[in-house]
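# A predicted structure for the sequence below; I have some questions about it.
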Amino acid sequence: MSIRERLSGNEAAATAMKQINPDVVAAFPITPSTEIPQYFSTFVSNGQVDTEFVAVESEHSAMSACIGAEAAGSRAMTATSANGLSLMWEMIYIASSLRLPIVMSLVNRAVSGPLNIHNDHSDAMGVRDSGWIMLFSENNQEAYDNLLMAHRIAEHKDVLLPLMVCQDGFITSHSIENIELLEDEKVKEFVGKYTPEHYLLNKKEPIAVGPLDLQSFLFEHKYQQAEAMKNAKKVIADVAAEFEKLTGRKYNFFEEYKMEDAEYVVVCMNSTAGTAKFTVDELRSQGIKAGLVKVRMYRPFPAEEIAEALSKDCVKSIAVLDKSDSLNAAGGALFEDITSAMYVNKKSVPIVNYVYGIGGRDTTSNQIKSVYEDLQKIEKTDKIQNPYRYLGVRK
Amino acid sequence: MNDLIEIRWHGRGGQGAKTACLLLADAAFNTGKFIQGFPEYGPERMGAPITAYNRISNSPITIHSNIYEPNFVVVVDDTLLDCVDVTAGLKKDGAIVINTTKNLDELLPKLKNYEGSIYTIDARSISIEALGKYFPNTPMLAAIVRVSGVMSDEAFLKDMEGSFKHKFAKKPEVIDGNMKALKLTLEQIKKLK
């Protein structure tokens, strides 16, 4: 029997970390993820976990400490947001290129400047090419569940890549909502022990980690990283299948909501998907065939699968919602991933992009409704004047 | 989703509106509901206007935006009536509950002649009587439970006793006072229209 609880997204993430009971947690507090290391340090003080908690002086050191801990052969976790992740940036690439399966809880927030502590996805999008697996979460439940699956994916011998679980700052991190928790014992059994094959503290196998890697090998190592990212897809699916057996909760690469006969489709990530579901239900009650695709697995990107889902015969037009602007005069990151997936897989459906919710601008059901109205207009007129648009901005 | 109840709280930083919002979510959760409780974070400081929200439903809640057309509004501090549009979007068949000693004639112009129900409670005098200090959030919590009808008075009082025992485990002397504040509110709340 699962445990019926009500927790904020940050409490959910901290609870997952408590149940995972990693060897090391190194973190520096930053809004809106501050509560995660705060709660976790309480668990350490109360003896509820036997983790070594490293209260570092910066995020650069937090990631460095996680790298050291993982390289030594232990399981390490951290949490951060926005500029905290920016300060980690150098070490983010080192973590993934050294194939260290560190797990991070990233509570998404706008990267300054000017200074803004509220939610958008600019922090996550800044590291989308860094070789981390990235899972996005609609609510506290998904943030919790994704973290419980994280180590099984990251530490798999065919993967060995770090993984970040994203959730929306404040919108879910600071909202109290219902959640179903697993018993500690079940989590312990599901996550399992970490037994790395190669690690620094193995006296039987002296190794060097992260030495000079010049023309003769770096290319091959990057190729291996790329292959590992491809392998991750199968592992993510397998772990989700096992998690479903345990909890009854199903996690695909992306969630298809009312897509069986959808004509007008919105694609988005994290909490906005929940608001979009509410909107889809409203539109459906008026006879409008609205549908939603919520991307959970952003890295690796499910290009072929998503192109297939978005190009069913019933689909007439698509809007991709980006909670971060790539400032490239062409479109947001998710939009470019989706359009490229469609093109490569020879799928052609009218598609537009909306940059929305920047810096915590509230995204309402009415805004999303206006997107579905635009999609109906696009279908009628068969014209897209400007595929790169803004939603909810004052001009 | 027809049974969805949406509540908006208006308070000033330091008055405990956020805490009351979370306590309401807790109490409704304990009666088996699906709940959301979340403040709107801004540049907070003591005394600045703050907003917090609750959604309460019998079915799972997926919407994740602020609340623009609430069923109920709680005003924790009546000086906000002069600077915040507290009835903005408030449903006509809904209600507003205000911590004030003002009468209907004084309130109506400040509420843009709001058509729905108006309730008042003197949370200051109740708080001073029950707790010896001014903590308006405990009375306002009881007030919105009564006005919204999300649960019965009995279920609410029973649940709150449990939460206060947990919350104030280290200062049990304030439990009775807080319970008294809830009960006095349920006795003294006035429906003006």
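Good, I have the coordinates. Quantities reported herein were computed from a predicted structural model and do not represent experimental measurements. Residues are numbered from 1 along each chain as shown, chains lettered A, B, ... in the order given.
# host element of residue 11?
Went with chain A since none was named. Using DSSP states H and E, A:Glu11 falls within helix A:9-20.
# Hmm, no, I was thinking of chain B.
strand B:5-12.
# one step back: quick one: the helix holding A:Glu11 near chain B?
No - judged by Cβ under 8 Å from any Cβ of the partner chain, helix A:9-20 stays clear of chain B, getting no closer than 10.0 Å. All C-beta atoms are positioned from the backbone trio N, CA, C, and that covers glycine.
# What's the per-residue pLDDT of residue 169 here?
This is for chain A. For A:Gly169, the pLDDT comes out at 98.
# should've been chain B
88.
# returning to that earlier point: how far does the helix holding A:Glu11 sit from the chain's center?
Remark: helix A:9-20 is offset 16 Å from the chain centroid, using Cα atoms, centre = their mean, to the nearest Å.
# sorry, back to before: now for the strand holding B:Gly11, which elements pack on it?
helix B:17-30, strand B:49-57, strand B:72-75, helix B:137-148 (3 or more Cβ pairs under 8 Å, 6 or more residues apart in numbering or on different chains; DSSP states H and E).
# Please export the C-alpha coordinates of that strand as CSV.
What follows is strand B:5-12, C-alpha atoms only, in CSV (Å, rounded to 0.1, in the frame of the first residue of the first chain):
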residue,chain,number,x,y,z
ILE,B,5,-13.4,25.2,-5.0
GLU,B,6,-10.9,28.0,-5.5
ILE,B,7,-9.9,30.4,-2.6
ARG,B,8,-7.7,33.5,-2.7
TRP,B,9,-6.1,34.9,0.4
HIS,B,10,-5.0,38.5,0.8
GLY,B,11,-2.8,39.4,3.7
ARG,B,12,0.2,41.3,4.7
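# can you give me the angle that strand makes with helix B:137-148?
150 degrees (axes from the mean of the first three to the mean of the last three Cα atoms, to 10 degrees).
# what residues are up against the closest residue to A:Lys258 other than its chain neighbours?
Leaving aside its chain neighbours, A:Lys258 sits nearest to A:Gly291 (4.9 Å; criterion: Cβ to Cβ, 6 or more residues apart in numbering or on different chains). Applying Cβ atoms under 8 Å, 6 or more residues apart in numbering or on different chains, we find A:Gly291 in contact with A:Glu256, A:Tyr257, A:Lys258, A:Met259, A:Ala262, A:Glu263, A:Tyr264, A:Val265, A:Val266, A:Val280, A:Val315.
# The helix or strand where A:Gly84 lies: which residues count as buried?
Using DSSP H and E, A:Gly84 maps to helix A:82-97. Under the neighbour-count criterion of 16 or more other Cβ atoms under 10 Å in any protein chain shown, helix A:82-97 has A:82-88, A:91-92, A:94-97 buried.
# Could you give the average pLDDT over that helix?
98.
# list the helices and strands the helix or strand just after that helix packs on?
Using DSSP H and E, the helix or strand that directly follows helix A:82-97 along the chain is strand A:103-108. Packing contacts for strand A:103-108, counted by 3+ Cβ pairs under 8 Å, 6+ apart, involve helix A:9-20, strand A:76-80, helix A:122-126, helix A:140-154, strand A:163-168.
# Go again with 7 Å.
For strand A:103-108, the elements it packs on are strand A:76-80, helix A:122-126, helix A:140-154, strand A:163-168, judged by 3 or more Cβ pairs under 7 Å, 6 or more residues apart in numbering or on different chains; DSSP states H and E.
# For chain A, which segments count as helices?
Here chain A has its helices, by DSSP state H, at A:9-20, A:35-45, A:59-72, A:82-97, A:122-126, A:140-154, A:184-191, A:218-247, A:272-285, A:303-310, A:333-344, A:365-381.
# again, but for chain B
Using DSSP H, helices in chain B cover B:17-30, B:104-110, B:123-131, B:137-148, B:153-167, B:173-188.
# Thanks a lot, catch you later.
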